[in-house]
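Asker: Predicted model follows, preceded by the sequence.
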Amino acid sequence: ALEIGALVDGGEPRADVPVRIPFGMLNRHGLVAGATGTGKTKTLQVLAEQVSAGGVPVFAADIKGDLSGIATPGASNEKLLARTASIGQDWQATAFPTEFYALGSKGIGVPIRATVESFGPILLSKVLDLNTTQESSLSLVFHYARKAGLRLVTLEDLRAVVAYLDSAEGKPELKAIGGLSSATVGVILRELVTFADSGADVFFGEPAFEVTDVLRTDETGRGIVSLLEVPGVQDQPQLFSTFLMYLLRELFATLPEVGDTDRPKLVFFFDEAHLLFKGASKDFLEIVVQTVRLIRSKGVGIFFVTQTPKDVPDDVLAQLGSRVQHQLRAHTPQDAKALRATVSTYPHSGYDLEEVLTQLATGEAIVTVMNEKGAPSPVAWTRVRAPEGSMEPTPAATMTAAVAASPLTAKYAAVESGDGAAAA
């Protein structure tokens with residue numbers, strides 16, 4: 001089982017009462033939530049380290065850069081060792097096998113790219129912030145390109161097809177199925193240009209990333225931790241969150257059915273999950289809900305990481321079997337409302353959760369997990385284990401050297417000149 005920490009009783013941890021998630025329940029998904037500075041990222045690192053140690057690959061986005069410390073052994077000190085001893089953790093400084101990735105050529109990592117046609121119109125509409133009418137028009141463009149045998153590899157390819165369909169020569173092509181209004185075409189083209197100018201064009205192209213490359217273990221049998229370095233996420237939050245959804249969808253389409261197994265094939269940590277759902281269209285949310293519901297049969301577990309459970313739509317929240325809730329603050333009426341909403345999503349317990357959730361110390365959480373029988377465990381006030389990798393970021397020079405030595409760099413570094421629609 002994956003060790004989360006030890007039960008807190010009367011303010012003190014009980015090292016003899018560990019709190020665990022069975023490995024076989026990781027594909028029932030989970031949630032790590034809590035206010036800023038309460039320990040969410042460290043909990044994510046603890047979970048990722050143990051999943052890796054258990055022989056299961058991990059994929060996670062490193063938004064603030066501090067998760068990269070998982071690749072470097074942690075530093076010991078008296079305070080750390082006293083804390084870990086109090087919860088029964090035999091702490092050992094450990095580096096975990098890590099592969100660094102970057103979106104296109106942004107940041108330090110093996111470049112990840114996708115073709116526009118594999119990304120699809122619904123996900124691309126989310127990134128471009130298109131409305132429902134514009135989304136349906138973009139779907140028509142993809143439909144035409146597919147029928148005409150035109151490949152949409154880059155944003156330039158898509159712009160070329162959109163412009164053609166708005167020309168005197170191209171307008172008759174879609175007349176039978178409604179056509180495109182020039183106003184909608186104008187919006188789509190403007191958004192594509194803005195999107196490309198922001199640097200997103202480096203993400204679309206070939207060679208496209210093969211998602212099975214994240215399903216690897218090292219020579220000792222530990223799962224490789226695939227870290228997507230996204231330091232500029234605040235500049236392009238829609239691209240980051242939608243790309244993670246694209247990866248999940250590709251995993252779902254690629255992996256065979258395995259049913260319930262003793263451990264998953266991959267655990268996927270979805271940090272800053274609120275970015276995924278903010279302003280999402282109905283079609284996009286349907287893709288998310290369906291993927292989360294069905295991907296467990298492919299052996300993939302998903303953990304959403306966010307500030308409050310209410311950041312996640314109810315249809316998704318209902319699919320999350322394990323919950324790790326760090327401290328919530330109730331300084332404003334809106335905070336108090338969010339706190340009551342969070343409490344309402346937990347099983348009945350002996351705790352006054354409205355009070356406890358505001359009293360938790362950093363590194364403590366309220367935990368409920370799904371047991372081997374598929375039932376939620378009792379709610380447990382838990383002191384969470386400490387990461388055994390570094391709590392500081394891995395130095396950039398070390399990361400750069402790791403990327404240069406990776407066999408995947410040779411596979412993905414060079415951009416292939418495309419045979420897309422713009423060249424046709």
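Answerer: Yep, it's here. Numbers count the residues shown, from 1 in each chain.
Asker: Any stretches of the protein with poor pLDDT?
Answerer: 231-235, 418, 424 (pLDDT under 70).
Asker: Angles on the backbone of Glu99, please.
Answerer: Dihedral pair for Glu99: phi -120, psi 130, per degrees, to the nearest 10.
Asker: Pull the number of nearby residues for Glu78.
Answerer: Glu78 has 7 neighbours, counted by other Cβ atoms under 10 Å. Quick note: C-beta positions are derived from backbone N, CA and C, even for glycine.
Asker: if I look at it, how far off is Gly88?
Answerer: Distance, Glu78 to Gly88, by Cβ to Cβ, to the nearest Å: 18 Å.
Asker: Please parse this protein into its domains.
Answerer: Domain ranges of the chain: 2-113+206-409, 116-203, per automatic domain parsing.
Asker: Spit out the contact partners of Ser125.
Answerer: Residues near Ser125 by Cβ atoms under 8 Å, 6 or more residues apart in numbering: Gln134, Glu135, Leu138, Ser281, Phe284.
Asker: hang on, the second one packs against Ser281?
Answerer: Yep, that's Glu135 we're talking about. Yes: contact status for Glu135 versus Ser281: in contact at 6.2 Å, counting by Cβ atoms under 8 Å.
Asker: which one of these two has more residues nearby?
Answerer: Glu135 (20 against 15).
Asker: what about the closest residue to that one other than its chain neighbours, is that helix, strand or coil?
Answerer: Leaving out its chain neighbours, the residue that sits closest to Glu135 by Cβ to Cβ, 6 or more residues apart in numbering is Ser125, at 3.9 Å. Here Ser125 is recorded as helix under DSSP: H, G, I helix; E, B strand; the rest coil.
Asker: now do the one 5 residues further on
Answerer: State at Leu130, reduced to three classes by three-state DSSP: coil.
Asker: ok, it - how many residues close by?
Answerer: Leu130 is flanked by 21 other residues according to other Cβ under 10 Å.
Asker: From Arg190, how far out is it?
Answerer: The value you get for Leu130 to Arg190, if Cβ to Cβ is used, is 11 Å.
Asker: How about Leu215?
Answerer: From Leu215 over to Arg190 (counting by Cβ to Cβ), the distance is 39 Å.
Asker: likewise Val162?
Answerer: 11 Å.
Asker: contacting residues for Lys411?
Answerer: Here Lys411 is in contact with Pro207 (Cβ under 8 Å, 6+ apart).
Asker: before we move on, which element is it in?
Answerer: In this assignment (DSSP states H and E), Lys411 forms part of helix 407-412.
Asker: Using PDB, write out every CA atom in that helix.
Answerer: Extracted in PDB, the C-alpha atoms of helix 407-412 (Å, rounded to 0.1, in the frame of the first residue of the first chain):
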ATOM      1  CA  PRO A 407      17.400   8.700 -25.200                       C
ATOM      2  CA  LEU A 408      14.100  10.500 -25.800                       C
ATOM      3  CA  THR A 409      16.000  13.700 -26.700                       C
ATOM      4  CA  ALA A 410      17.300  12.100 -29.900                       C
ATOM      5  CA  LYS A 411      13.800  11.000 -30.700                       C
ATOM      6  CA  TYR A 412      12.000  14.300 -30.200                       C
END
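Asker: ok, and for it, which residues are buried?
Answerer: By neighbour count on 16 or more other Cβ atoms under 10 Å, the buried set for helix 407-412 is Leu408, Thr409, Tyr412.
Asker: same check, this time on stretch 30-44
Answerer: Buried-residue list, stretch 30-44, by 16+ other Cβ under 10 Å: 30-35, 38-44.
Asker: sorry, back to before: list the ones among the contacts of Ser125 that fall in helices.
Answerer: Those of the contacts of Ser125 mapping onto helices are Gln134, Glu135, Leu138, Phe284, per DSSP state H.
Asker: Which one (most neighbours) among those?
Answerer: Counting neighbours by other Cβ under 10 Å, Leu138 leads the ones in helices among the contacts of Ser125 with 24 neighbours.
Asker: Would you confirm that that one contacts Phe119?
Answerer: No: under the criterion of Cβ under 8 Å, Leu138 makes no contact with Phe119, lying 11.1 Å away.
Asker: Let me know the helix or strand that Val46 is in.
Answerer: Here Val46, judged by DSSP H and E, is contained in helix 40-53.
Asker: So which elements touch that helix?
Answerer: With contacts taken as 3 or more Cβ pairs under 8 Å, 6 or more residues apart in numbering; DSSP states H and E, helix 40-53 sits against strand 2-9, strand 30-33, strand 58-62, strand 266-270, strand 300-306, strand 380-384.
Asker: Now the ones you listed in a markdown table, please, with extra columns for distance to Arg323.
Answerer: What follows is the helices and strands packed on helix 40-53, written out as a markdown table (distance: least, Cβ to Cβ, whole Å):
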| stretch | distance to Arg323 |
| --- | --- |
| strand 2-9 | 11 |
| strand 30-33 | 5 |
| strand 58-62 | 18 |
| strand 266-270 | 15 |
| strand 300-306 | 10 |
| strand 380-384 | 11 |
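Asker: Distance check, Val367 against Phe270.
Answerer: Distance check for Val367 against Phe270: by Cβ to Cβ, it reads 19 Å.
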